[in-house]
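A.B. asks: got a sequence here, can you model it:
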Amino acid sequence: MNWRNKFRFEVSDTGIGLTQDEQFKLFKAFSQADGSITRKYGGTGIGLYISKQLVELMDGEIWVESEIGIGSKFIFEIDLIEKDLLIVDDNKMIINSDITALKGNKILLVEDNSINQEIILGLLENSGIKIDIANNGEEALKKYAIKKYELIFMDLQMPIMDGYEATKIIRAKDKDIPIIALTANAMKEDMQRTKLVGMNEHLNKPINVELLYKTLFKYLSNKSTKSQILKNDNKHIIIPNFTSIGLSYLLENKKLYL
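C.D. replies: This next block holds a predicted model:
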């Protein structure tokens, strides 16, 4: 076996731990170690099943090591061919007249995951669009009540109040504001449900940047007719160049990528 290009990733916790029988069930579709875990901690169990599929598609291996009352360690190994480091000079002027035409529009991003928040903010950081963040449906309703927004991005599964319930309440008062589902729930039934509660579009995660921009242009008005020259401040950023991992989902934004 060639260990030179094999990389190991580990995620550890100090949680409740798992028995051998529970560990066996973890990587099966829609399976939790215990039904009470789903009720108490949330989740359906499909995440680890998807992770297993992705790792195996890359000819890798994934497993769990755990002790009851101590915690668990989730581990996967994959082959990544590491090339020479890329030293990229991004001190360039970038013309981005399209997205800056939406400058001044106000968006409410309803999302409980901080990484997803950071990605959306990063993808739109040069647009001039003003973005407020709500961490759940209840926060979204409070912000919506005191401020006018041109569009709402709505996650579906959130603590306290989910996106479905928040959308129902907003739609009872406002039939016009565009509400866009931004979620990892990509099943046909999920799309039908978002439509039934009054959402205008259903965007899946990981985010397709082109589709994200198209959606913004569809529902937001052009408030600026002038082209804006944007300067990329990611000068001389050094990143490892792995053949299996790319920047395309993040508009080649190396700062956001890191």
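A.B. asks: name the SS class of residue 112, please.
C.D. replies: Using DSSP: H, G, I helix; E, B strand; the rest coil, the structure places residue 112 in coil.
A.B. asks: what distance do you get for residue 193 to residue 161?
C.D. replies: Distance, residue 193 to residue 161, by C-beta to C-beta, to the nearest Å: 16 Å. Placement of C-beta: from N, CA and C, glycine included.
A.B. asks: just residue 192 next, same as before
C.D. replies: According to C-beta to C-beta, residue 192 stands 21 Å off from residue 161.
A.B. asks: next: residue 210.
C.D. replies: Remark: distance between residue 210 and residue 161 (C-beta to C-beta) = 31 Å.
A.B. asks: who's more crowded, those two?
C.D. replies: Between residue 210 and residue 161, counted using other C-beta atoms under 10 Å, the more crowded position is residue 161 (17 against 9).
A.B. asks: got the buried residues for stretch 64-77?
C.D. replies: For stretch 64-77, burial by neighbour count (16 or more other C-beta atoms under 10 Å) applies to 64, 66, 72, 74, 76, 77.
A.B. asks: and the fifth one, what does it touch?
C.D. replies: Remark: with contacts taken as C-beta atoms under 8 Å, 6 or more residues apart in numbering, residue 76 is in contact with 8, 9, 51, 55, 60, 61, 62, 63.
A.B. asks: at 6 Å instead, please
C.D. replies: 9, 55, 60, 62 (C-beta atoms under 6 Å, 6 or more residues apart in numbering).
A.B. asks: filter those residues down to the ones in strands?
C.D. replies: With strands defined by DSSP state E, the entries of the contacts of residue 76 inside them are 9, 62.
A.B. asks: generate a PyMOL selection restricted to the buried subset of the contacts of residue 76.
C.D. replies: Filtering the contacts of residue 76 down to the buried ones (16+ other C-beta under 10 Å) takes a single PyMOL command:
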select buried, resi 55+60+62
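A.B. asks: out of the contacts of residue 76, which is nearest to residue 107?
C.D. replies: residue 9 (33.5 Å; C-beta to C-beta).
A.B. asks: rewinding a little: among the buried residues of stretch 64-77, name the ones in strands.
C.D. replies: Within the buried residues of stretch 64-77, residues falling in strands by DSSP E are 64, 66, 72, 74, 76, 77.
A.B. asks: TSV for those residues, including distance to residue 183 and pLDDT?
C.D. replies: Formatted as TSV, those follow (distance: C-beta to C-beta, whole Å; pLDDT from 0 to 100):
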residue	distance to residue 183	pLDDT
64	26	89
66	29	89
72	26	89
74	23	91
76	25	94
77	30	93
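A.B. asks: okay, those residues in a markdown table with distance to residue 20 next?
C.D. replies: Below are these laid out as a markdown table (distance: C-beta to C-beta, whole Å):
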| residue | distance to residue 20 |
| --- | --- |
| 64 | 10 |
| 66 | 9 |
| 72 | 12 |
| 74 | 16 |
| 76 | 20 |
| 77 | 21 |
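A.B. asks: closest one of the residues you listed to residue 140?
C.D. replies: residue 74 (31.7 Å).
A.B. asks: beta partners for the closest one?
C.D. replies: residue 11, residue 64 (DSSP bridges).
A.B. asks: hang on, it packs against residue 11?
C.D. replies: Yes. With contacts counted by C-beta atoms under 6 Å, residue 74 reaches residue 11, the gap being 4.7 Å.
A.B. asks: this completes my enquiry, with thanks.
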